[in-house]
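Asker: Quick check, what structure comes out for this input:
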Amino acid sequence: MRKLAKRGNINERMDIALMKFKSRMTSYPPGMCPLVMYRSILQMSMNQSCGKCVPCRDGLVEAERMLRDILNGDAEEETLTKLKNLCVMIAETADCAVGVVAANSVLDSLTEFADEYESHIRNRRCAGSVTQTVPCMTLCPAHVDVPGYVAMVKDGDYAGAINIIRDRNPFPTACAMVCEHPCERKCRRTIVDQPINIRGLKKYAVDQIAADQVKTPPANVATGKTIGVVGGGPSGLTAAYFLALMGHKVVVYDEHEKLGGMLRYGIPEYRLPKARLDEDINAILGAGDIEVHLNTKVGRDISVEELREKYDAVYLGLGAQLGNRMPVDNVNCKNVIPAADFLQAVAKGEKIDLTGKKVVLIGGGNVAMDAARTAVRLKAKTVHVFTRKRDDYTALESEIESAMQEGVRFRTLLSFLHLETDKNDPDLVDAVWLQPEMVGEFDEFGLVKTEHSSHYPYRFTCDYLILGVGQRCDVAAFEEAGIPVNRGRILADETCSIEGADGVFSGGDCVTGPSTAINAIAAGQVAAHNIDEYLGYHHKISCEAEAPQAKPNKCIPTGRAEIEERDPFERREDFLHVEIPMTPEEAEREAGRCLRCDHFGCGSMEGGRCVW
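Answerer: Numbering: from 1, shown residues only. Now for the predicted structure:
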């Protein structure tokens, strides 16, 4: 006789346990030995084996034993050959996915981490670069002391929190509002419940006291050296800030009417109010001897050669402010505009009336989401976002969710074909043609491939087309002056130095391509210290604040305090800031969830041996 499964049976209870365990997998700390991670994956696969086929049942056990010997320093060169041959056999002969996937993961590791295997066998230890670090500090491109300023927020010392942030990042306010918070990605609090809302706590600090009301560290004695900085965005101003504190005179050149770069002209007011951005900029300009020349474009108002002759060093911190267009017919029609150009036009106050218009946006990045949400606020009748793959939605989930709440409509698995112009006005696009796609295999990076489906092409009428297909930098003047450039990017190394251009440094979007504000800030910070070294100095800057002493955390599971937003039907009607500040109780509780990994629980190496 058949019976219904009882509520709360063993499978349901195991599902609950696995949900809790899943967070352990996503919180592997940076710097841990990759072979330890692969061994743990192999052990899980062994536990999943049904035991019916020998390759999976016995082969995975033998592979795990070999991997254990490698980690213990008890393996020889031939062990790698045996491990590879064994995993090839398992992958080819196992009956089901458990053995096949487990064996292939080990084979992948043999290629991806060949240096680690070699170090464990030859030196009986991890490679020198392998050591566990504090996740939030490591994953922050600027390496800000996150636990330090979170502890300051917990103690109510908001000025101290801002100073700790400014020790590495002079844009505490801007980053509190728009940073993609990579620091949260591997937060160890995930082991207990959810990652700390690090960006939210930073925002709470700058909401309590304006950044320009917090005194910056005193500048060093003047060195008599002068540095020219091209670009008044996050990268250029970060370099200027640290160089000025070191005692150097800095002269900033920017082609716009105001400083801020893409923070001012690329991020909409509803996400980053420009009055709040000015708080950071005011503090930066007050940090030392910084002179600013606005409405000055290098290559037009001053040449690269003049800069090199005039200054002891030059830093090129250009942003990716030029929007890309697709190489298709009719892309230059009057109602077609790149997303970056669209956002800059709105930021500069140009009148773009989308009232009652049907807007189409191609692309799924953060710039595309900003453009889509801006179009909504300009009274567009409808806003549709089209992408070819789900992987093309690279914007933050929160941004996509907010766009959906505000009425933006999304369609995926549609590749762009061509533009159709209005029969009565060939200077206007009347419709976009899209080809339905179907998903296929994954590529080497784990991204899904697509191919044309058998559905007929899809015609979608529109009144305004926004192209969110990337940005580029204006580097023509620098290339003409002999600065090495490749495919629109200045060729600089990880120290921001440019080979063959003595005294010229570069970083940010003009080197990496379009990226985030915090990555540009990190480049400016690195460049400042390396310019200082180039000039013959080794200045150190004190942040004038010290984090409170760490206290053990009881690790009681507690909900994460999220930053709430205004009602979507209200906020879509204006450009006012969308986020609602945390309450004092929320901020104190959220800061109290921090495990203080800067003092507790980090360190994967003991005498050069793996700890597992």
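
Asker: residues of the strand ranked longest in the chain that come out buried?
Answerer: Determined from DSSP state E, the single longest strand within the chain is strand 429-442. Neighbour-count burial for strand 429-442 flags 429-432, 434-437 (criterion: 16 or more other Cβ atoms under 10 Å). For glycine as for every other residue, the C-beta is placed from the backbone atoms N, C-alpha and C.

Asker: tell me the mean pLDDT for that strand?
Answerer: Mean pLDDT, strand 429-442: 93.

Asker: hmm, which two among the buried residues of strand 429-442 are most spread apart?
Answerer: 430 and 437 (23.3 Å; Cβ to Cβ).

Asker: if we can go back for a sec, check which helices and strands the longest strand of the chain sits against.
Answerer: strand 414-421, strand 448-452, strand 458-461 (3 or more Cβ pairs under 8 Å, 6 or more residues apart in numbering; DSSP states H and E).

Asker: so which of those gets nearest residue 542?
Answerer: strand 448-452 (49.3 Å).

Asker: List the neighbouring strands of the closest one plus their orientation.
Answerer: strand 429-442 (antiparallel) (DSSP bridges).

Asker: Identify all contacting residues around the partner strand.
Answerer: Under the criterion Cβ atoms under 8 Å, 6 or more residues apart in numbering, residues 330, 333, 335-336, 360, 362, 386, 388-389, 413-423, 448-453, 455-462, 465 lie in contact with strand 429-442.

Asker: same thing but at 7 Å, please
Answerer: Under the contact criterion Cβ atoms under 7 Å, 6 or more residues apart in numbering, strand 429-442 has outside partners 330, 333, 335-336, 360, 386, 388, 413-422, 448-453, 455, 457-462, 465.

Asker: just the buried members of those residues?
Answerer: Applying 16+ other Cβ under 10 Å to the contacts of strand 429-442 flags 330, 333, 335-336, 360, 386, 388, 413-416, 419-421, 450, 458, 462, 465 as buried.

Asker: Over to residue 276: give its phi and psi.
Answerer: Backbone geometry at residue 276, expressed as degrees, to the nearest 10, gives phi -70, psi -40.

Asker: do the same with residue 302
Answerer: Residue torsions, per degrees, to the nearest 10, at residue 302 are phi -150, psi 140.

Asker: Based on its surroundings, how many neighbours for it?
Answerer: For residue 302, the neighbour count with other Cβ atoms under 10 Å is 17.

Asker: The closest residue to it other than its chain neighbours: what's it in contact with?
Answerer: Leaving aside its chain neighbours, residue 302 sits nearest to residue 296 (6.3 Å; criterion: Cβ to Cβ, 6 or more residues apart in numbering). By Cβ under 7 Å, 6+ apart, the residues touching residue 296 are 253-255, 302.

Asker: By neighbours, which of those wins?
Answerer: residue 254 leads these on contacts (other Cβ under 10 Å) with 26 neighbours.

Asker: Setting the sequence-adjacent residues aside, check what's closest to that residue.
Answerer: Using Cβ to Cβ, 6+ apart and skipping the chain neighbours, the partner closest in space to residue 254 is residue 232 (3.3 Å).

Asker: likewise residue 357?
Answerer: residue 463 (3.9 Å).

Asker: Check that neighbour and give its pLDDT.
Answerer: 96.

Asker: who are the neighbours in contact with it?
Answerer: Counting by Cβ under 7 Å, 6+ apart, the residues that residue 463 touches are 335, 357-358.
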